[in-house]
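S.K.: Coordinates for the following, if possible.
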Amino acid sequence: DYPVVMLDQAGIKYPAGAVKDGKIKFRTLWDSREFRRGNGKALLEDAMTIEKSHIRTFGDMETKYYFRGPITKNPEAFRDILWDVARASQKSGVKYMEQSVSNVLDPEILKIAERELPLIEKATGVKVRFLVGLWRHSDPEWNLDEITRVKRMTRASPYIVGVDFMGHETNSSQDIGSQIKASADLTAEFGPGFQVRVHAGENPLNPSNVRVAAELGASRVGHGIYIEKDFDAIKRDPLTQKIDAKVLKGLKDAGTIVELNPASNQALNNLSGGSDVVLVQFKQLKEAGIPVVFGTDGIGMYGADHREIERIIKQLGFTSDDLAYVKQSETKYLEKANQSFEKRRQAIATNGSKIPTKVELEAFVKQEGQHYTAELSQKRAQDQKARLENMRTDFASKNIKPYDAHVSEFEGMKAIDVSGGSQSQFATLEKEGRMGELKLPEIQKNFRELLRKLDPKKVFFLTGGTQFGVEKILHEEVALFNALNPT
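M.R.: Numbers count the residues shown, from 1 in each chain. Modelled structure (predicted):
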């Protein structure tokens with residue numbers, strides 16, 4: 001069933017008489033005269049995909065997933081999705097693929113996969129495996145319970161081969177550190193073939209994210225094009241793309257795989273260093289001996305299969321020798337993945353582990369020590385309310401006006417986004433005795449100079465509204481500016 005409110009949002013016509021409880025059967029919608037005459041198929045496709053020729057923001061992508069949800073999260077559609085994906089992969093020559101799926105922890109979904117995937121592999125030759133998708137902005141306790149569910153479900157199915165921390169990379173890898181570690185701990189039971197994939201280095205907001213993710217136990221980082229730069233090189237050239245040698249050595253020693261996703265980086269406009277940044281970073285990773293592979297980061301979303309990826313990287317200047325290096329990395333990975341799968345398949349067959357029911361799964365979470373409870377949820381809501389109230393009080397004391405989209409005063413003004421330098425990063429540097437590296441007086445000076453040059457009637461600052469890190473410094477400097485320049 002598809003919610004008609006979402007069809008209205010996409011401008012899609014449907015037979016009103018077929019609506020029940022705010023939803024319409026998808027087959028009824030698809031076959032309806034209203035849908036066909038109203039160009040419904042094209043409108044629905046546009047609502048769900050990013051055209052290769054277009055550049056979108058991450059928010060746009062989240063909207064695409066919003067419209068996909070009623071279909072991709074529907075157990076009745078899961079079998080057809082698996083077969084369609086496998087046939088498309090077969091057609092393009094792909095023989096092994098890993099899908100990041102958040103709802104594969106649903107026993108009903110996993111049972112469908114267990115039943116269909118052997119048939120799919122026999123019919124198409126395509127091996128389909130799952131990484132359990134974990135949203136990097138979820139409450140830590142929620143994700144820790146999800147990891148407990150991963151443990152139980154992985155004991156029952158060899159088709160779950162790891163986890164994938166995904167979502168808009170606006171927070172630090174430190175913020176999800178306990179979750180990465182808990183996931184990496186599962187390799188003790190499931191072996192080194194169990195993957196801990198972390199989206200890191202997709203954008204330049206947190207350049208330490210790749211290093212930190214690897215240090216915490218990530219076996220693979222998705223994107224990895226924005227990595228900490230060599231400090232001496234920065235002093236000579238602020239625009240340098242030279243990676244810190246210590247970081248490269250750490251990645252090599254940890255055996256971390258870097259998965260480049262040029263199609264999604266291009267589609268989401270995450271190439272602030274220019275498209276050549278992908279090649280420049282790859283050359284450094286290759287020279288350091290770090291395994292590198294390519295991924296689509298969502299073939300259905302961006303419409304780019306491995307052939308499109310190959311076309312893109314050749315345009316970027318990748319040589320046949322570069323492609324051979326990637327193929328070598330992929331071959332080693334697949335050998336390890338296939339061995340791990342077979343070993344776990346045999347172990348499950350021997351111990352007779354079965355996929356639990358939902359009730360049994362939740363009982364296992366409680367037995368292992370549940371982290372996310374109703375009481376915690378209520379406390380978080382109260383804390384959030386208190387933080388907002390403290391923020392309003394703090395802003396009022398500093399004569400700072402909070403943004404309100406409904407206030408016409410902000411209409412036509414430009415926003416200056418100030419992000420990064422978060423509470424967790426400051427805490428880490430303080431713990432390591434490295435606060436001097438931040439050069440706080442210089443940050444304060446830069447903000448003061450910026451404020452003197454800006455017209456407060458034309459621009460406003462966009463922050464997270466916290467009283468920590470760089471945001472706190474900015475708020476204090478804005479308060480000082482407002483006190484010295486009353487309106």
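S.K.: Going along the chain, name the strands of the stretch 201-350 of the chain.
M.R.: 220-223, 257-260, 292-294 (DSSP state E, counting those that start in this stretch).
S.K.: Need the winner for burial among the ones you listed.
M.R.: strand 220-223 (a mean of 26; mean count of other C-beta atoms under 10 Å). From N, CA and C alone the C-beta is placed, and that goes for glycine too.
S.K.: tell me which strands and helices that strand is in contact with?
M.R.: If you count contacts as 3 or more C-beta pairs under 8 Å, 6 or more residues apart in numbering; DSSP states H and E, strand 220-223 packs onto strand 195-200, helix 209-216, strand 257-260.
S.K.: For Asp455, find the nearest of those.
M.R.: helix 209-216 (34.4 Å; C-beta to C-beta).
S.K.: Which elements pack onto that closest one?
M.R.: Using 3+ C-beta pairs under 8 Å, 6+ apart: helix 209-216 touches helix 177-185, strand 195-200, strand 220-223, helix 245-254.
S.K.: please redo it, this time with the cut-off set to 6 Å
M.R.: Contact analysis of helix 209-216 by 3 or more C-beta pairs under 6 Å, 6 or more residues apart in numbering; DSSP states H and E lists helix 177-185, strand 195-200, helix 245-254 as its packing neighbours.
S.K.: Just the helices from the stretch 201-350 of the chain, written as ranges.
M.R.: With helices called from DSSP state H, counting those that start in this stretch, the stretch 201-350 of the chain shows them at 209-216, 231-236, 245-254, 262-267, 277-287, 299-302, 306-316, 320-351.
S.K.: Which of the ones you listed sits closest to Ile443?
M.R.: helix 231-236 (16.0 Å).
S.K.: Just the residues contacting that closest one, thanks.
M.R.: Residues from elsewhere that reach helix 231-236 (C-beta atoms under 6 Å, 6 or more residues apart in numbering): Thr240, Lys242.
S.K.: Show me which residues of stretch 396-411 are buried.
M.R.: For stretch 396-411, a neighbour-count test (16 or more other C-beta atoms under 10 Å) marks Lys398, Ile400 as buried.
S.K.: So, low pLDDT: which residues of the chain?
M.R.: 50-61, 263-275, 297-305, 405, 420-424, 487 (pLDDT under 70).
S.K.: Select the longest strand from the chain.
M.R.: strand 127-135 (DSSP state E).
S.K.: Work out the gap between the next helix or strand after that one and the centre of the chain.
M.R.: Downstream of strand 127-135, the next assigned helix or strand under DSSP states H and E is helix 140-156. Offset of helix 140-156 from its chain centre (C-alpha atoms, centre = their mean, to the nearest Å): 18 Å.
S.K.: ok, and what's touching the following helix or strand past helix 140-156?
M.R.: Next helix or strand after helix 140-156 toward the C-terminus (DSSP H and E): strand 160-166. For strand 160-166, the external contacting residues (C-beta under 6 Å, 6+ apart) are 100, 129-134, 136, 150, 153-154, 176, 183, 194-199.
S.K.: and stretch 336-354, which residues are buried?
M.R.: In stretch 336-354, counting by 16+ other C-beta under 10 Å, buried: Ala337, Ser340, Phe341, Arg344, Ile348.
S.K.: now swap in stretch 312-329 and tell me
M.R.: Buried residues in stretch 312-329 (16+ other C-beta under 10 Å): Ile312, Ile313, Leu316, Phe318, Asp322, Tyr325, Val326, Ser329.
S.K.: The strand or helix carrying His475 packs against which elements?
M.R.: Assessed by DSSP H and E, His475 sits inside helix 469-484. Judged by 3+ C-beta pairs under 6 Å, 6+ apart, helix 469-484 is in contact with helix 440-453.
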